[in-house]
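# give the three-dimensional model of this entry:
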Amino acid sequence: IVTERIQAAGNHMERIGAVEKFLIDRLPHAQPSSITDTIIREIIEKAGQVSITKLLKDHRISVRKMERLFLQQVGITAKMYSRLVRFTHVFKLLQQPELSRSEITFLAGYFDQSHFNKEFREFTGENPEVYFLENHAFANFFLNR
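Okay, here's the model as predicted:
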């Protein structure tokens, strides 16, 4: 499971790689030019900051059909896929030293810091402050902003 791979990874680049590998491994199972491919591209283009309800309306697809297609072709729901893409985007934003912690949270599409912290704990199993202190490749950057 991807969350276990993220937690077991030794550093941030390995975590990003685990998420990207998980997502990319799911793509070959998709049917060529399927609605799922189109939705996946939109989610990636918007860095996971997209409303699933809006996608449903835009593509005239039911919730049930989208869930079935994503589970068949990707292995997770569209919402979870979107959350993983958005979470991966956080680590890409961390590579921009001019951004503060609150700017990163905002640019990644989190409503506030507590929402980010909750999702961070869900995906990594740790509080962000503890996580970045223990993994100081990004910690000094992330916590000293």
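# which SS class is the residue most central in space within the chain?
Most central in the chain under Cα atoms, centre = their mean is Leu84, positioned 2.2 Å from the mean C-alpha point. In three-state terms, and counting by DSSP: H, G, I helix; E, B strand; the rest coil, Leu84 is helix.
# who's in contact with it?
2, 19, 22-23, 48, 76, 123 (Cβ atoms under 8 Å, 6 or more residues apart in numbering). The C-beta positions use only the backbone N, C-alpha and C, and glycine is treated the same way.
# of all these, which comes closest to Tyr131?
Phe123 (10.1 Å; Cβ to Cβ).
# so what does the closest one have for phi and psi?
Per-residue torsions, Phe123: phi -80, psi -30 (degrees, to the nearest 10).
# which SSE is Arg60 in?
Using DSSP states H and E, Arg60 falls within no helix or strand.
# give me the pLDDT value at the closest residue to Ala18 other than its chain neighbours.
With Cβ to Cβ, 6 or more residues apart in numbering as the criterion, Ala18 has its nearest non-adjacent residue at 4.1 Å, and that residue is Arg5. Looking at Arg5, its pLDDT stands at 82.
# now the residue nearest to the centre of the chain: how far from Ser100?
Distance, Leu84 to Ser100, by Cβ to Cβ, to the nearest Å: 24 Å.
# same question, Leu69
39 Å.
# strands of the protein, start to end?
Read by DSSP state E, the chain holds no strands at all.
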